[in-house]
Every structure is written in C-alpha cells, then in structure tokens.
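Participant: Requesting a structural model of the entry that follows:
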Amino acid sequence: MKGTTYKRCKCPPRYSASGKRLACPKKHGSWALVVDVPLSETGRQSQRRQQITRSGFATRDAAGAELQRIIALLQMPAVDDDAGRIQIAAVIREYYKRYDQLPDYDDIRRRFAAGMALSRSQSTGEWLDEWLASKRALARNTYRSYESHIRLYLRPQLGHVPLEKLRPVHIGAAYDQIMADNETRARPIGPASLKLIHATLRASLNDAVDQERIERNPAENIELPASKRPKAVVWTRERVLRWLATGERPKVAVWTPRQTGAFLDLATGDRLYAYYHLLVFRGPRRGEGLGLKWSDLDLHERVMTIREQIVQVGWETETTTPKSDSDGEVALDSVTVAILQAHRHQQLQERAAWGAAWIDTGHVFTRENGVEIHPDYASRHFRRLIEQANKLHPGSQGPAVRDVQVRLDVAPTGSYGSDTATAVRRFQRTVGLKVNGVVDPSTWYQLFPDDPLRDYPHPGYLPPIRLHDLRHGAATLALAAGSDMKVTSAMLRHSSIKITADTYTSVLPEVAREAAEALVRIVPRQVVSEDVSDDVSTSLARRPKKRTGRSPRRRIAQFRRGAPPGTRTPDPLIKSQRATAKPDAGRRLGMSLRVTSSA
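Facilitator: Numbers count the residues shown, from 1 in each chain. Predicted coordinates:
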C-alpha cells in the first residue's frame, strides 16, 4: 500500500538531481500525507485512482503516525474487496470533514464485520433498518412488531430526516400525521398503538446514543395522547341490557359467576371443555394452555408447571418459553384434576382409534389425531360456542323458543320449526332487522324490550368476551372467593402485584355490596332513622343508654368519711381562694396562719 509524507510551505519547490522533490530546510510550514487506496485492476479501471490526503501536521512523525492509522483502516477488507476499501475511504474523508479526526479503528472493524453502515451521516430510516437488523435475539412476534412500526409509520414519516438532525419537533409532527391518516386506514391507530410505535423509536434512539451516533435521544420527552390501559369490567345486568339495545360492549369484560357457570354447562360435551375449564379457574394464557404437556402435570400432587407456550407468528406457530418471569408452578383443585383425568381418558381413546396415524406430541390439548391445536382455532372455537348459544334457529328447543312462539302467535310447541322461522322473518322485516329467520340477541331484544333477560338460556344470556378475558375472570373469581392478592398474582405468575390489581381484577357486584354492608356494620349508632328497614345491620338498632359515673351510694359513703355537713374547712389555702377578690385578703390570710400556728 503506497503512502508518503511531505512538507508544505510557501517557498518555491526544490528538487534533487534525480528529480525528487526535497523538503524545505527552513523551520516553517507543515507536514502533509497522501495515500493511495489499494484497488484491484478491475477496481482501478471502474473507480479510477482513489487517494486520501491530509495536511496541517506540526511534525513529520505526527504525519507518519496518522498515515499508519489510515493504512490500517484500509487493510481491513479482503484483497479483492474493492467496494469495502472505497467505503472505508469514504468514511475516512467524511470523518476528516465533519469531526477533523479519524474514526475509531475498533468501531469500524466491528461494524464492517457485521455488515453495518460505517458512515455516521445516516438518515433516520437507514439507522432504523440497521438497528432492526442488529436485533437478533428478539422473539419473533416482537421483531414483527418492530418491523411493522418501522415500515408502516416511522420510515415514511421520519426516514428522510438526517439522524443527527432529528429533533422532537420532527417526531411530534410525524405522530400528528400518523393520527391524521386514520381516516384512510381500515384499522385506525389509537393512543395505545401510538405508544407502542413511540416505544420502538425511543428504543432505537437509545441505542444510537449508546453508540455515540447522537448526543441525546430526541424521543425522550415527547408528549403523547393519554392512553389508559383498559380495565376489565363485569357484565352486569345494566351492561348486558345496553349491549342488547345498542350493540355496544366494553373492550375488556368478564362474566359473572352465573354467566361463567352457564358457559361451562354449555361446553361440557365439547372436546376442549377441559381446556376452557382450566382457563376459567387457573387462568393460564391461551398459548400456555395449548403448550401444556402431560409431563408438566402432576395430578397426584395437584400441580401444573408452565414451561412452554405455543404462540402465533402471522399464521405460523412456534413453541417458546413464556413471557419474562411467567414460568412456574400453579396449584390445581380437585375438580380440575378430575376433569383433566377424564380428558386424558378421552385422548387415549382417540389415540387407539387413530392407531399408527396418531401423532404423539405429548400435549394435553390436541386435535383428534394428536397434533397441537393452533391458537387461532382455540379463539375461533370459543367465539363460535358463544355465538351459537346466543341464537335460536330451526332445530332449537326449550323455553326460549316457546316464548318466541307465544310472542309471535305461533303454536307454543317449544320446538323451532319452519312456521316459527317464517314468523321470525316477518317480524324482522317489520322492525327493520336483517331477515334470516334466526333469533339473535338483537332480534330477541326487539321481541322482548321490557324484559329481555330470563332465568334460562336465551339469545343474549352469554354476552361476548375474548378468550383471554377468561384469564381476567379467573383473577376476579379468585378474589371474590377470598383469595389474597399475592396468591392471585402468583397464580397468574405476574411479576408484580400492581399488574394484577390494576389490570386483571374486577369487583363483582355482590362482593361490592357485601363490602358496603360490612363497612356499615362496624360503625355503632345510638339513633336510627325510622325509614331504615328491619334488615339493616343490628349495629344500627337503638340501644339502651349505659349508666355512667359513680353510684349515689358510693358518693355518699365517700362524703360521710369527711367532716360533718356544714363544717368549714380549716385549710387556710382553701379559705384564701374564696377571699382573693377582697383587698384585705392578705391580712386575713396572715391572721389565719397565726391562729392555726397558735392552735
């Protein structure tokens, strides 16, 4: 590799006899260097001659040391890697221009070996791509989330901005535009989604600060729209009625114990009944339940160990470890153990029926041939069970069908036949509903707007929830049963009790009423309003006044132990207190003292 140093000054150039330029003998000027970028024959033809020059060194030794550092950087690529040498040469020139120094050798070597961009002069989009490529240890779903945030939102809005010039005003304007584009999106971006997008940008810029690409993170103090994590609410009677009337439903809701029992009764004969029962009472996540293996169950000791989960990545699935600090043991009750034993017996029967075609995956919950269940199938199957339970159609039987027949003047046989379907279609056409001859929750509410809720199964008796809401419901039921918050948090394997209290628990109406009554019972009262009914806490009842103070007889006894009635006290101090208001009190006091002394 060719390189040389030479002295620069304003003196005329001097040359030796052989024609070589000589250094100026005077002690002025500065030293400079020049180095040829080594290229192959093909590279020299396509790229022409490439040189790096630098001047302003005080001594020849300083220029020579800098020349050796440049040569070391240019020798990183392989002998035939012309593109790599040209890239490093461009970085050296950029560093001289921007920072008046060479780039760090170890940093360039690491980045060159990793295939990362060498230049600090990057756009934000280039940095985001480089940052994402370096995240090799991310879970697949996390990687997909980061990638979609960058591809769909961050790169289109901020990709053109130079990384070192990125400011909070750019980020704020980008977020405003993202929210403004909601009108053209099939799935609008809400405050919670924007918060996740911002978290991706902030994480990438934190790494840029750590690598000294930028001095500070411009995303640190960005004010975002308020986003409150949805808290699970209970499907109370009022919420059910509103859902029937308007179709509105909470984002996160849990069933009451009665609704939960109705669902379990409905799913008793289903292949996944044991799976749903486990989610209702022990609260594992969807993928944790599907990833459960028989080796993770100790039915004799009634313990379940969460080790793996099946997660959905796009449409594909993969088996991974649970979320951070979410693995661990969960105690099982005797009823759940019996249900799992019955499920095991059913699975063995299916295995015998399939014979050699059975696929032994070791999972507790499988399809009929033994293969693992897709997470989306479990959710869709759960949703289909609820939808079918909330409909009356040809073939349905029961008291709800009889109510519809009576309402529509059809013979009340209790069996949904063609005559009932015809009458339902006629009614739907009259009130402007979708005409299909099926009594869904909307049709049921139009048929019985004054009294839509009954004590037996009917359309609308199971309000909709998500499969994950069974986990919320498990926490709510555990607390309602008297379980401690710490025990409930351990059952759900949360890293903090705060997560359990803030997100996963709801207060059942009956529990809230009991707490209110208990609060009233602990406050004793002497006077009760006449309007209070007889079933009010006994602490509110009128109580007889207690006799306080000493008894008269005891007071008389104490009095009789003193002087007889009417006797004046001989104590001069007590007498002086009665005479303090008189001007000759001091004289009388002295007389009393003298009398007492003489006595």
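Participant: Quick check: the gap between Ala65 and Arg407.
Facilitator: 98 Å (Cβ to Cβ, to the nearest Å). For glycine as for every other residue, the C-beta is placed from the backbone atoms N, C-alpha and C.
Participant: I meant to write His170 there.
Facilitator: 63 Å.
Participant: which residue ranges form the strands in this protein?
Facilitator: 3-8, 14-15, 21-22, 30-36, 51-57, 233-234, 253-254, 297-298, 303-306, 309-313, 316-320, 328-331 (DSSP state E).
Participant: Would you mind finding the most buried of the ones you listed?
Facilitator: Neighbour counts (mean count of other Cβ atoms under 10 Å) averaged over each of these peak at strand 253-254, with a mean of 24.
Participant: Show me how the protein divides into domains.
Facilitator: Following automatic domain parsing, one finds the domains of the chain at 3-114, 124-210, 229-390+462-530.
Participant: worst average pLDDT in these?
Facilitator: Ranked by mean pLDDT, these end with domain 3-114 at the bottom, a mean of 85.
Participant: starting at the chain centroid, how far to that domain?
Facilitator: 54 Å (Cα atoms, centre = their mean, to the nearest Å).
Participant: residues in contact with the most centrally placed residue in the chain?
Facilitator: Geometric centre of the chain, nearest residue: Arg229, 7.6 Å, by Cα atoms, centre = their mean. The contact partners of Arg229, taken as Cβ atoms under 8 Å, 6 or more residues apart in numbering, are Ala192, Asp502, Thr503.
Participant: rerun that using 10 Å as the cut-off
Facilitator: Ala192, Lys195, Lys251, Val252, Ile499, Asp502, Thr503 (Cβ atoms under 10 Å, 6 or more residues apart in numbering).
Participant: Check Leu508 too.
Facilitator: So Leu508 contacts Val234, Thr236, Val254, Thr256, Pro257, Thr476, Leu477, Leu479, Ala480, Glu514 (Cβ under 10 Å, 6+ apart).
Participant: Isn't His198 up against Pro168?
Facilitator: No. Checked against Cβ atoms under 10 Å, the pair His198 and Pro168 is beyond contact range at 11.7 Å.
Participant: any common contacting residues for the two?
Facilitator: Ala219, Ile222.
Participant: Neighbour count: those two, which is higher?
Facilitator: His198 (19 against 14; other Cβ atoms under 10 Å).
Participant: how close does the closest residue to that one other than its chain neighbours sit to Ile197?
Facilitator: The shortest distance from His198 to any non-neighbouring residue, by Cβ to Cβ, 6 or more residues apart in numbering, is to Leu224 (6.0 Å). Leu224 is 10 Å from Ile197, where distance means Cβ to Cβ.
Participant: Common neighbours of those two, please.
Facilitator: Common neighbours of Leu224 and Ile197, counting by Cβ under 10 Å, 6+ apart, are Tyr175.
Participant: which of those two has more neighbours?
Facilitator: When neighbours are counted by other Cβ under 10 Å, Leu224 and Ile197 differ, and Ile197 comes out ahead with 23 against 13.
Participant: Excluding chain neighbours, what is closest to that one?
Facilitator: Nearest to Ile197 is His149, by Cβ to Cβ, 6+ apart, at 4.8 Å.
Participant: Next up, the contacts around the one you found.
Facilitator: Leu128, Leu132, Arg155, Ser193, Leu196, Ile197, His198, Ala199, Thr200, Leu201, Ser204.
Participant: And it, how far from Trp131?
Facilitator: From His149 over to Trp131 (counting by Cβ to Cβ), the distance is 12 Å.
Participant: Mutual contacts of the two, please.
Facilitator: Thr200, Ser204.
Participant: quick revisit: quick one: which two of the contacts of Leu508 are the most distant?
Facilitator: Val254 and Glu514 (18.1 Å; Cβ to Cβ).
Participant: which stretches of the stretch 251-400 of the chain form helices?
Facilitator: Remark: helices assigned in the stretch 251-400 of the chain by DSSP state H, counting those that start in this stretch are 257-266, 273-282, 286-290, 334-354, 375-389, 399-407.
Participant: Deepest-packed of those, please.
Facilitator: For these, where neighbours mean mean count of other Cβ under 10 Å, the stretch averaging the most is helix 286-290, with a mean of 26.
Participant: thought Phe263 was touching Asn390?
Facilitator: No. Using Cβ under 10 Å, Phe263 makes no contact with Asn390, being 11.1 Å away.
Participant: who touches both of these two?
Facilitator: With Cβ under 10 Å, 6+ apart as the test, Phe263 and Asn390 both reach Tyr461, Leu462.
Participant: Many thanks, I have nothing further to ask.
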